[in-house]
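this is a predicted model, with the sequence first.
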Amino acid sequence: MSTVQVWDAWHRDTPASPDDRPCGHRAKGHALYATQRHGVGKRWKVRYRDTMGRQRAESFDRKPDAEKRAAEIAIELGRGTYVDPKAGNTLFNVVAAQWRAQRIYRPNSALKVDGVFRLYIDPFFQHRPVGKITTDEIRAWLASDHMAKLSPASRHTALGYLHSVLQKAIEDGLINRDPSSPVKANGGKHKPIDRVLSSHEVSLLIKTAPDELRPVVMLAAGTGLRLGEVLGLTAQDVDLERKLLHVRQQWLLKQGELGPLKTESSRRTVPLADVLVTMLRPFVEGAESSSAPHLLFTLGRRVEGMWAKAVKGAGVTARFHDLRHHFASVLIGSGADVKAVQKILGHTSAAMTLDTYAHYFHGTADDTVRAAIQGSFGQDHEPVVHPDHGSEA
């Protein structure tokens, strides 16, 4: 293992010649003799050989700083995490551009990412060397007036992008630690759902929906699919015999074309109730008679106007996405655990599911506890004798 040394560049312990006289500095009681570098540049040097065997040196004004850095280098070399300090001079915007180029986004997501970098991250960090960015600097950025205009969730997203770029810098050997790791942004949790549509309200929406929209509403309420996922279904995605629905792509309303799903976890298989199998059969069989892949529902942007009519007719205040929340509440109410709900909804994590539907899971757990305790007493327990407080004369 390479030896790391702290060296005084201004002095030597012994005279260079018989005429050499001690300078004014002393160390541990003995005299010091000035070198030719005395008073020039920084006094303390840390010398070592890097992982490639090349001689390296770093300079410091104070000995404690040099000793601290020497200890860090020794640990890094021993662990194999040493990074050339000069590598950290790479600008943040260079690493960010490489990170973004390696990501695959849906068109809408790409625009969102571009906007976050252009408006909120780049103004602070684009010209900063990645090795110079500090934790305190990141905290100051999050607390700045510029970031205060964002919602807590948006600040959390921006911090996540910054974190990802710095993680890439670590992977590329530019830095050995991520200064954003200790930083937390409030708002990372998904907003819990306070109210969901009742079964009666969903029935009203199905009844008042235009004929073309009705099967789309039924399918969303009975599977939890997002609107784009329903509109992206083809006959090949429906297994009528096994009563399964495969979610593989989505219809992008703004672009008017098929596109990738929101996340990789959105790719999933959802069971179909008999009523939905019966409803889907004519759509699937009609599409299968076509020689080319065919969407089951070709509503496009018309779906927005149709949904507005259904909501008005039902006298219900609701977004189409609320059908997904209704489906989740039905699953939870039937006793499905958080992992099952996560899988069927296509959430990226169980934590996301629990954050969103915490109130409903807690309610189900309370009912389970009540039923369990009630059952533990059985029917043959001794009756409780209530105290007779009597009455005053």
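Structure received.

for this structure, give me the ranges with low pLDDT.
For the chain, the stretches with pLDDT under 70 are 1-2, 105-108, 186-192, 288-293, 361-393.

which parts of the stretch 251-393 of the chain are strands?
For the stretch 251-393 of the chain, applying DSSP state E, counting those that start in this stretch gives strands covering 257-259, 268-271.

deepest of the ones you listed, which one?
Counting by mean count of other CB atoms under 10 Å, strand 268-271 has the highest mean neighbour count of those, with a mean of 17. All C-beta spots, glycine's among them, are computed from the backbone N, C-alpha and C.

neighbours around Gly315, how many?
Gly315 has 10 neighbours, counted by other CB atoms under 10 Å.

please apply the same query to the one 3 residues further on.
When counting by other CB under 10 Å, one arrives at 19 neighbours for Ala318.

for Ala358, see how far away it is.
Using CB to CB, to the nearest Å, Ala318 is found at 21 Å from Ala358.

do Val4 as well
Relative to Ala358, and taking CB to CB, Val4 is found at 51 Å.

among the two, which residue is more densely surrounded?
Val4 (21 against 15).

surely the more buried one touches Glu67?
No: the criterion here is CB atoms under 8 Å, and Val4 misses it with Glu67 at 9.9 Å.

contacts only, for Val83.
The contact partners of Val83, taken as CB atoms under 8 Å, 6 or more residues apart in numbering, are Glu76, Gly173, Leu174, Ile175, Asn176.

next, it: secondary structure please.
Following DSSP: H, G, I helix; E, B strand; the rest coil, we place Val83 in the coil state.

tell me the centre residue of the protein?
Gly160 (6.5 Å; CA atoms, centre = their mean).

got the phi/psi numbers for that residue?
The phi/psi pair for Gly160 (degrees, to the nearest 10) reads phi -60, psi -40.

and it, how far from Val116?
9 Å.

show me this structure divided up by domain.
Listed by automatic domain parsing, the domain ranges of the chain are 5-81, 89-171, 199-369.

possible to save these as JSON lines with distance to Ser181?
Shown next, in JSON lines, are these (distance: least, CB to CB, whole Å):
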{"stretch": "domain 5-81", "distance to Ser181": "15"}
{"stretch": "domain 89-171", "distance to Ser181": "7"}
{"stretch": "domain 199-369", "distance to Ser181": "18"}
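
among these, which is nearest Lys184?
Closest of those to Lys184 is domain 89-171, at 8.2 Å (criterion: CB to CB).

and that closest one, end to end?
End-to-end distance for domain 89-171, by CA to CA, to the nearest Å: 15 Å.

ranges for the strands of the stretch 101-250 of the chain?
For the stretch 101-250 of the chain, the strands defined by DSSP E, counting those that start in this stretch occupy 238-239, 244-247, 250-252.

what's the closest of these to Leu111?
strand 250-252 (12.0 Å).

contacts for the closest one?
Residues from elsewhere that reach strand 250-252 (CB under 8 Å, 6+ apart): 106-108, 226, 228-229, 231-232, 257-262, 266, 295, 300.
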